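# Just a sequence and a predicted model for now, questions to come.
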Amino acid sequence: MLPMLDHDRFEKCLALSRRGATEGERSAGLAAATRVAASAGMTLVEATAFIEGVAPAGPRSAPPPRSSPYPRQPFIWPRKKEPVKPITIEEILAQKAADLAWKKKAAAREEKRMRKLYAEQDRDHATIRETQAVKDREWAEAKGHPV
(Lines give C-alpha, C1' and ligand atoms only; values in the text may rest on other atoms or scores of the structure.)
Protein backbone atom coordinates (compact mmCIF):
# COMPACT_ATOMS: atom_id res chain seq x y z
CA MET A 1 0.00 0.00 0.00
CA LEU A 2 1.33 3.42 -0.96
CA PRO A 3 1.52 6.04 1.78
CA MET A 4 -0.81 9.02 1.49
CA LEU A 5 1.99 11.49 0.92
CA ASP A 6 1.18 14.90 -0.57
CA HIS A 7 3.75 14.65 -3.35
CA ASP A 8 3.55 18.21 -4.64
CA ARG A 9 3.72 19.85 -1.24
CA PHE A 10 6.55 17.57 -0.08
CA GLU A 11 8.58 18.21 -3.23
CA LYS A 12 8.12 21.98 -2.89
CA CYS A 13 9.19 21.91 0.76
CA LEU A 14 12.15 19.68 -0.08
CA ALA A 15 13.19 22.01 -2.90
CA LEU A 16 12.97 24.98 -0.53
CA SER A 17 15.12 23.12 2.01
CA ARG A 18 17.77 22.45 -0.64
CA ARG A 19 17.73 25.66 -2.66
CA GLY A 20 16.42 28.30 -0.27
CA ALA A 21 18.04 31.72 -0.57
CA THR A 22 18.77 32.01 3.15
CA GLU A 23 19.53 29.62 5.96
CA GLY A 24 16.13 30.44 7.51
CA GLU A 25 14.29 29.47 4.32
CA ARG A 26 16.24 26.22 4.10
CA SER A 27 15.51 25.28 7.72
CA ALA A 28 11.81 26.22 7.34
CA GLY A 29 11.62 24.10 4.19
CA LEU A 30 13.22 21.15 5.99
CA ALA A 31 10.81 21.49 8.92
CA ALA A 32 7.82 21.67 6.58
CA ALA A 33 9.02 18.64 4.60
CA THR A 34 9.42 16.73 7.88
CA ARG A 35 5.84 17.64 8.89
CA VAL A 36 4.42 16.56 5.52
CA ALA A 37 6.29 13.25 5.72
CA ALA A 38 5.12 12.71 9.32
CA SER A 39 1.51 13.34 8.29
CA ALA A 40 1.88 10.38 5.92
CA GLY A 41 3.43 8.22 8.66
CA MET A 42 6.92 8.34 7.19
CA THR A 43 10.25 9.76 8.17
CA LEU A 44 11.92 12.45 6.12
CA VAL A 45 14.44 9.92 4.73
CA GLU A 46 11.70 7.44 3.77
CA ALA A 47 9.59 10.13 2.10
CA THR A 48 12.58 11.48 0.20
CA ALA A 49 13.49 7.98 -0.98
CA PHE A 50 9.87 7.36 -1.93
CA ILE A 51 9.63 10.55 -3.96
CA GLU A 52 12.99 10.16 -5.64
CA GLY A 53 12.37 6.53 -6.44
CA VAL A 54 15.26 5.22 -4.35
CA ALA A 55 14.56 2.08 -2.36
CA PRO A 56 14.85 2.84 1.36
CA ALA A 57 17.64 1.06 3.16
CA GLY A 58 16.69 -1.24 5.98
CA PRO A 59 14.08 -3.88 6.71
CA ARG A 60 11.38 -2.15 4.64
CA SER A 61 12.41 -3.43 1.24
CA ALA A 62 9.60 -3.96 -1.21
CA PRO A 63 9.40 -7.25 -3.07
CA PRO A 64 10.81 -7.07 -6.56
CA PRO A 65 8.17 -6.22 -9.14
CA ARG A 66 6.72 -9.18 -10.95
CA SER A 67 7.59 -9.29 -14.58
CA SER A 68 4.64 -9.12 -16.91
CA PRO A 69 3.88 -12.13 -19.11
CA TYR A 70 3.46 -9.58 -21.89
CA PRO A 71 6.70 -7.81 -22.68
CA ARG A 72 6.33 -4.11 -23.29
CA GLN A 73 6.57 -3.18 -26.90
CA PRO A 74 7.52 0.29 -27.99
CA PHE A 75 4.62 2.32 -29.27
CA ILE A 76 4.10 1.80 -32.95
CA TRP A 77 1.83 4.77 -33.60
CA PRO A 78 4.06 7.74 -32.83
CA ARG A 79 5.57 8.83 -36.08
CA LYS A 80 7.31 11.94 -37.14
CA LYS A 81 4.82 14.40 -38.49
CA GLU A 82 5.39 15.83 -41.89
CA PRO A 83 6.22 19.51 -41.83
CA VAL A 84 3.25 21.75 -42.38
CA LYS A 85 3.08 23.01 -45.94
CA PRO A 86 2.14 26.68 -45.95
CA ILE A 87 -0.88 27.65 -48.01
CA THR A 88 -0.12 29.51 -51.23
CA ILE A 89 -1.75 32.65 -52.55
CA GLU A 90 -3.23 30.67 -55.43
CA GLU A 91 -4.92 28.33 -52.96
CA ILE A 92 -6.28 31.28 -50.97
CA LEU A 93 -7.64 32.89 -54.13
CA ALA A 94 -9.21 29.58 -55.20
CA GLN A 95 -10.85 29.25 -51.78
CA LYS A 96 -12.18 32.80 -52.01
CA ALA A 97 -13.54 32.17 -55.51
CA ALA A 98 -15.23 28.94 -54.39
CA ASP A 99 -16.69 30.74 -51.36
CA LEU A 100 -17.99 33.58 -53.53
CA ALA A 101 -19.55 31.11 -55.99
CA TRP A 102 -21.24 29.27 -53.13
CA LYS A 103 -22.58 32.56 -51.73
CA LYS A 104 -23.91 33.59 -55.15
CA LYS A 105 -25.68 30.26 -55.57
CA ALA A 106 -27.15 30.52 -52.08
CA ALA A 107 -28.32 34.08 -52.78
CA ALA A 108 -29.91 32.97 -56.07
CA ARG A 109 -31.71 30.11 -54.30
CA GLU A 110 -32.96 32.51 -51.64
CA GLU A 111 -34.09 35.02 -54.28
CA LYS A 112 -36.01 32.29 -56.12
CA ARG A 113 -37.62 31.14 -52.87
CA MET A 114 -38.59 34.68 -51.94
CA ARG A 115 -40.08 35.37 -55.42
CA LYS A 116 -42.21 32.27 -54.97
CA LEU A 117 -43.27 33.39 -51.51
CA TYR A 118 -44.08 36.92 -52.70
CA ALA A 119 -46.16 35.55 -55.60
CA GLU A 120 -48.10 33.35 -53.18
CA GLN A 121 -48.64 36.30 -50.84
CA ASP A 122 -49.82 38.45 -53.77
CA ARG A 123 -52.38 35.77 -54.71
CA ASP A 124 -53.61 35.63 -51.12
CA HIS A 125 -53.73 39.41 -50.85
CA ALA A 126 -55.57 39.73 -54.20
CA THR A 127 -58.50 37.72 -52.85
CA ILE A 128 -58.43 39.76 -49.64
CA ARG A 129 -58.37 43.03 -51.66
CA GLU A 130 -61.28 41.86 -53.83
CA THR A 131 -63.31 40.94 -50.75
CA GLN A 132 -62.48 44.28 -49.13
CA ALA A 133 -63.42 46.17 -52.31
CA VAL A 134 -66.84 44.46 -52.32
CA LYS A 135 -67.33 45.36 -48.63
CA ASP A 136 -66.27 48.96 -49.33
CA ARG A 137 -68.77 49.26 -52.23
CA GLU A 138 -71.56 47.83 -50.09
CA TRP A 139 -70.72 50.23 -47.27
CA ALA A 140 -70.56 53.19 -49.65
CA GLU A 141 -73.91 52.24 -51.22
CA ALA A 142 -75.46 51.86 -47.76
CA LYS A 143 -74.21 55.33 -46.75
CA GLY A 144 -75.25 56.86 -50.06
CA HIS A 145 -71.72 57.78 -51.09
CA PRO A 146 -70.84 57.51 -54.76
CA VAL A 147 -68.31 54.85 -55.51
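Sure thing, it's come through.

# Residues contacting the helix or strand where Ser17 lies, please?
Using DSSP states H and E, Ser17 sits within helix 7-19. Applying Cβ atoms under 8 Å, 6 or more residues apart in numbering, the contact partners of helix 7-19 are 25-30, 32-33, 36-37, 47-48, 51. In short, each C-beta sits where N, CA and C put it, glycine included.

# Please check those residues and keep the buried ones.
29-30, 32-33, 36-37, 47-48 (16 or more other Cβ atoms under 10 Å).

# want to throw those residues into CSV with pLDDT, secondary structure and distance to Lys81?
Compiled in CSV, the buried ones among the contacts of helix 7-19 are given as follows (pLDDT from 0 to 100; DSSP: H, G, I helix; E, B strand; the rest coil; distance: Cβ to Cβ, whole Å):
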residue, pLDDT, secondary structure, distance to Lys81
Gly29, 94, helix, 42
Leu30, 95, helix, 46
Ala32, 95, helix, 44
Ala33, 94, helix, 42
Val36, 92, helix, 42
Ala37, 92, helix, 44
Ala47, 90, helix, 41
Thr48, 90, helix, 40
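
# returning to that earlier point: buried residues in the helix holding Ser17?
Under 16+ other Cβ under 10 Å, the buried positions of helix 7-19 are 10-11, 13-14, 16-17.

# From the residues you listed, pick the one nearest Asp99.
Nearest to Asp99 among those: Glu11, at 53.3 Å, using Cβ to Cβ.
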